[in-house]
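My questions are about this predicted structure, shown below with the sequence.
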Amino acid sequence: VSRKTLRLTRQRAIILEELKRTRTHPTADEVYATVRRRLPRISLGTVYRNLEVLSRLGLVRRLTLGGSPRRYDGTVEDHCHIRCVDCGRVEDVELAASQDEVGALVAYSPFEIIGHHIEFTGICPECAKQG
Ligand SMILES: [Zn+2]
Ligand SMILES: [Zn+2]
């Protein structure tokens, strides 16, 4: 294994670690700001490319939510999100129904279901305060 490959692997591991540590569903810019504290010389492009690789490998989830920009999630298990339509922040939400029950809702679809993603939209408490 070349020195370059090793370095890239280490960068990728740190990006993954930082993403798993947060629950804020950061954008690539936000991941970059966090990772740069540990890897001062890393570029935004490198962070972005590694995030794409990690999502292709199934190690992180790329969120394609109604709002832009694209966000990343270190939690890859099926779960639901709520997005503030004002500031764009995204949080995990607990559904009253279990994931199995949610899956059963599409029992009669001819599709072979491989996953689901439910997104609620709303106004977060901070934005609601500001009226
Ligand atoms: Zn908000
Ligand atoms: Zn999430």
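Sure, I can see it. Ligands and ions are numbered 1, 2, ... in the order given.

Heading C-terminal from the worst-scoring helix or strand of the chain on mean pLDDT, find the next helix or strand.
The helix or strand of the chain with the poorest confidence is helix 99-104; it has a mean of 73 (mean pLDDT, DSSP states H and E). Sequence-wise, the next helix or strand downstream of helix 99-104 (DSSP states H and E) is strand 119-122.

Could you list the residues of the protein in contact with ligand 1?
Taking Cβ under 5 Å from the ion as the criterion, the neighbours of ligand 1 within the chain are 84, 86-87, 124, 127. C-betas here are computed from N, CA, C, even on glycine.

Next, format those as a markdown table and append secondary structure.
Shown next, in a markdown table, are the residues of the chain next to ligand 1 (DSSP: H, G, I helix; E, B strand; the rest coil):
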| residue | secondary structure |
| --- | --- |
| 84 | strand |
| 86 | coil |
| 87 | coil |
| 124 | coil |
| 127 | helix |
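
Export the residues you listed to JSON lines and append columns for pLDDT, neighbour count and distance to residue 107.
Output for the residues of the chain next to ligand 1, formatted as JSON lines (pLDDT from 0 to 100; neighbours: other Cβ atoms under 10 Å; distance: Cβ to Cβ, whole Å):
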{"residue": "84", "pLDDT": "92", "neighbour count": "18", "distance to residue 107": "32"}
{"residue": "86", "pLDDT": "92", "neighbour count": "14", "distance to residue 107": "36"}
{"residue": "87", "pLDDT": "90", "neighbour count": "12", "distance to residue 107": "37"}
{"residue": "124", "pLDDT": "95", "neighbour count": "17", "distance to residue 107": "34"}
{"residue": "127", "pLDDT": "96", "neighbour count": "15", "distance to residue 107": "37"}
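
and which of those residues is nearest ligand 2?
Nearest to ligand 2 among the residues of the chain next to ligand 1 is residue 84, at 14.0 Å by Cβ to the ion.
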